[in-house]
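can't give you the sequence, but here's the structure:
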DNA sequence: TTTGTCTGCCCC
DNA sequence: ATTCTGC
DNA sequence: GCAGAATGGGCAGACAAA
């Protein structure tokens, strides 16, 4: 029988991608995937599924592929042709080569990774090279995500979607789920509960005011919780052993021994999965330190002791998802919170109130901002913990600031924005020198129509063309929202805006009326009334 | 040794 | 992370 | 109402190049 089976060729896989990309119906996409899964050897399932969602290798390979945009561009330009013509590449050929590339480490690894990639590309047609690049960059853009693949898997294997979904949410890795699902229903159901394997976190939806947030959750009583400007973490505990995962499920335990210690001392459970926000605080003043200072701690593996001294951390817990063998995702939030409070010492909990009074919620929000925090979360009391989904149970309200800035340059967009200038350099005015100094870039806030208009106007103002980027006469003023001013190692102005987005085009303002460098510096300094100094 | 470039399912 | 758009 | 696309600043680490 097996001599009749032909391994799938990479070029045929590309055809399938194109078919999936050209239909907008999700059902149809799933059907196509299911059809091919049935025809494939089991050994091909993993590459097939991973490639379809734009993953070149399984997440479980630590350190990732180590190939990005630069290396790909170089390899695309300089493919290394094989000495002898070789057979067309199969899906598994490509997958195995990519895994080999991932395991290239140490001295000259950049060069060796490049050579391996260029050799692989040398065996490919132009089309295959392009699609391989898309897979590596995770930019297939055929409208398939992990969730769709789960549906197709369930369909083909005759396993319930619920079982598959549960395993996925608890594993957090599609490749793992394929492996487990292939072992059958028993293996699938036995995946959880398992500690030290992170699960996909529940996400929040933004709102622009407390009133709007209350509206979105349907009114009534809600928890209003401080939203700290830190990094979200998931903490797994079993009999004193602690592991900490980041929001994207990276294991960050090693960098955070102080947080581990805080958890050991402040949490009394045998087994649990908790969630919270890790925040840096200034010693002495107790003010929260800026996010960029926290990041100096986050993925550090050298000089940790020293960094701990300089940048002390705290944890603010707000969730318990698992307790002593029981998953709590279907337990209502208020009950979960009770379980959390019973087991955690008070100073480790995120500050919160429960109220149906919007005035009271607003004043709590204001107080949170006064203490230098980012905002609040408004949470529906009876909501389950919905894994990996941005729903309307958790609403975030964050503070923002606004400035008028001048566009001094722009870059051509990609994909659906490829015919527009879609990424703009924003500058402040310096009356002393007459110069406009860049303080950030943004591609957010304009509608398609506005992009078209802006492209036309910017081209009229062009003073220098660098191909992918143009520089323009400073003339167009835009109103820009942003969350924070950061110290910049990149821009000459020394400052950069965090999360800048355009809110409107100020046709009524001249560039000299835009914000000045001095104003921006004053705003920057003012941030330290509430926050600790950048280290 | 120092400085620069690239990468990261990075963090936000 | 935020925003707009297509389904 | 949701998912997808298009992209921001800055950080540490791993190598490469000067």
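Now that the structure is in, tell me what you want to look at. All values derive from a computational prediction rather than experimental measurement.

Am I right that residue A:214 is in contact with residue A:359?
No: the pair residue A:214 / residue A:359 is not scored as a contact, 11.1 Å apart, by CB atoms under 8 Å. All C-beta spots, glycine's among them, are computed from the backbone N, C-alpha and C.

which one of those two has more residues nearby?
Using other CB atoms under 10 Å as the criterion, residue A:214 and residue A:359 rank with residue A:214 on top: 25 against 10.

what about residue A:510, how many residues close to it?
12.

ok, it touching residue A:477?
Yes: using CB under 8 Å, residue A:510 is in contact with residue A:477, at 7.1 Å.

any idea how far residue A:289 is from DNA strand D?
Distance check for residue A:289 against DNA strand D: by CB to the nearest atom of the strand, to the nearest Å, it reads 11 Å.

Give me the neighbour count for that residue.
With other CB under 10 Å as criterion, residue A:289 counts 27.

what's the strand or helix carrying residue A:32 packed up against?
Assigned by DSSP states H and E, residue A:32 belongs to helix A:26-39. Secondary-structure packing of helix A:26-39 (3 or more CB pairs under 8 Å, 6 or more residues apart in numbering; DSSP states H and E): helix A:10-22, helix A:42-52, helix A:146-157.

pLDDT at the residue in the stretch 301-450 of chain A positioned nearest to DNA strand D, what is it?
At 1.4 Å from DNA strand D, residue A:415 is the closest residue in the stretch 301-450 of chain A, using CB to the nearest atom of the strand. As predicted, residue A:415 sits at a pLDDT of 88.

Test my guess that it contacts residue A:137.
No: taking CB under 8 Å as the definition, residue A:415 is not a contact partner of residue A:137, at 12.0 Å.

Compare these two (neighbour count), which wins?
Higher neighbour count among residue A:415 and residue A:137: residue A:137, with 14 against 8, using other CB under 10 Å.

Those residues of the stretch 351-500 of chain A touching DNA strand B, which are they?
Contact residues (CB under 7 Å from any atom of the strand) of the stretch 351-500 of chain A with DNA strand B: A:498-499.

didn't residue A:223 look like it was pressed against residue A:379?
Yes: Residue A:223 lies in contact with residue A:379 (CB under 8 Å); the separation is 4.4 Å.

Compare these two and say which is more crowded by neighbours.
Shown here are residue A:223 and residue A:379; by other CB under 10 Å, residue A:379 has more neighbours (25 against 22).

So the more buried one, which state does it fall into?
strand (DSSP: H, G, I helix; E, B strand; the rest coil).

same check, this time on the one 5 residues further on
Classification of residue A:384 using three-state DSSP returns coil.

OK, contacts around it?
A:329-333, A:393 (CB atoms under 8 Å, 6 or more residues apart in numbering).

go again using 10 Å as the cut-off
Counting by CB atoms under 10 Å, 6 or more residues apart in numbering, residue A:384 touches A:202, A:328-333, A:336, A:391, A:393.

so how far is DNA strand B from it?
From residue A:384 to DNA strand B the distance is 22 Å (CB to the nearest atom of the strand).

Repeat that for residue A:386.
Residue A:386 is 17 Å from DNA strand B, by CB to the nearest atom of the strand.

What is the burial count for the nearest residue to that residue once chain neighbours are set aside?
In this structure, residue A:386 finds its nearest non-sequential neighbour in residue A:202, 5.3 Å apart by CB to CB, 6 or more residues apart in numbering. If you count neighbours by other CB under 10 Å, residue A:202 ends up with 22.

wait, doesn't residue A:202 sit right on residue A:383?
Yes: Residue A:202 is within contact range of residue A:383, at 8.8 Å (criterion: CB atoms under 10 Å).

Give the intersection of the neighbour lists for those two.
Common contact partners of residue A:202 and residue A:383 (CB under 10 Å, 6+ apart): A:333, A:391, A:393-394.

wait, which of those residues is closest to DNA strand B?
Distance to DNA strand B across those (CB to the nearest atom of the strand) is lowest for residue A:394, with 13.9 Å.

That closest one is in what secondary structure piece?
Assigned by DSSP H and E, residue A:394 falls in strand A:390-398.

Residue A:339 too?
Assigned by DSSP H and E, residue A:339 belongs to helix A:333-343.

can I assume residue A:473 is in contact with residue A:459?
No: Residue A:473 is not in contact with residue A:459 according to CB under 10 Å; the separation is 11.4 Å.

residues near residue A:106, how many?
6.

Confirm it sits in a strand?
No: Residue A:106: not assigned to a strand; according to three-state DSSP it is coil.

Distance check, it against residue A:117.
As judged by CB to CB, to the nearest Å, residue A:106 and residue A:117 stand 17 Å apart.

Return the member of the contacts of residue A:384 nearest to residue A:317.
residue A:336 (11.4 Å; CB to CB).

who's in contact with that closest one?
For residue A:336, the contact set (CB under 10 Å, 6+ apart) comprises A:318-321, A:323, A:328-330, A:383-385.

Kindly write the PyMOL command that selects the buried subset of those.
Those of these that count as buried under 16 or more other CB atoms under 10 Å are selected in PyMOL with:
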select buried, chain A and resi 318+319+320+321+323+328+329+383+384+385
